[in-house]
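Undergrad: sequence first, predicted coordinates after that:
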Amino acid sequence: MRYLVTARLKPGKAAALADAIADGSLGAGSVAGDEYVRNMEAARELQDGRVQWVEVCYCPTPLAEEREYWESYFVLERVQDAHARARCRDWNGSEPWACSSCDCSVRLEARLETRGRRFLDGLPQGAV
């Protein structure tokens, strides 16, 4: 399933997040692997300071695996379905793991690219 995550970077965490992205340690130990860095590369910072990204998650509870990693850096304000569950082939059981190759993320991330600015551009220079 895909979720649109809306979060705020915790005060004082920008440099630590930038370092974790740069050195590849963001999400270390998670089954989601490189997905965390990919999420940050696509994330957008809105004018009000909130950050949004599309998260692919196969957990029965949204972000059950990822939440502890994200909450080290962000206050998660909203995690909402980004795709109608009835049309999600993974969720409805017609194609397990379909989210990894589904084009709905491409469309949603393209729409998200029109909002705000690239999140990584606002992190400390040289770290990312």
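TA: Yep, that arrived. Numbers count the residues shown, from 1 in each chain.
Undergrad: now the strands for the protein?
TA: For the chain, strands defined by DSSP state E occupy the ranges 2-9, 44-45, 51-56, 74-81, 117-118.
Undergrad: what lies in contact with the fourth one?
TA: Strand 74-81 has contacts (C-beta atoms under 8 Å, 6 or more residues apart in numbering) with 1-10, 13, 50-51, 55, 62-63, 67, 70. (Glycine included, C-beta is placed from N, CA and C.)
Undergrad: relative to A28, how far out is Y69?
TA: Per C-beta to C-beta, to the nearest Å, Y69 is found 9 Å from A28.
Undergrad: pick out whichever of those two has more residues nearby.
TA: The neighbour count for Y69 versus A28, taken as other C-beta atoms under 10 Å, is higher for Y69 (18 against 11).
Undergrad: please name the bridge partners of D81.
TA: Judged by DSSP bridges, the bridge partners of D81 are Y3.
Undergrad: gap between it and V5?
TA: Taking C-beta to C-beta, one finds D81 at 11 Å from V5.
Undergrad: just the buried ones from the contacts of strand 74-81?
TA: Among these, the ones that count as buried by 16 or more other C-beta atoms under 10 Å are 1-7, 9, 50-51, 55, 62-63, 67, 70.
Undergrad: now, which of these sits nearest V106?
TA: Proximity of the buried ones among the contacts of strand 74-81 to V106 (C-beta to C-beta) peaks at R2, which lies at 10.9 Å.
Undergrad: count of neighbours near the closest residue to the closest one other than its chain neighbours?
TA: Nearest non-adjacent residue to R2, counting by C-beta to C-beta, 6 or more residues apart in numbering: A82, 4.1 Å away. Using other C-beta under 10 Å, A82 is surrounded by 19 other residues.
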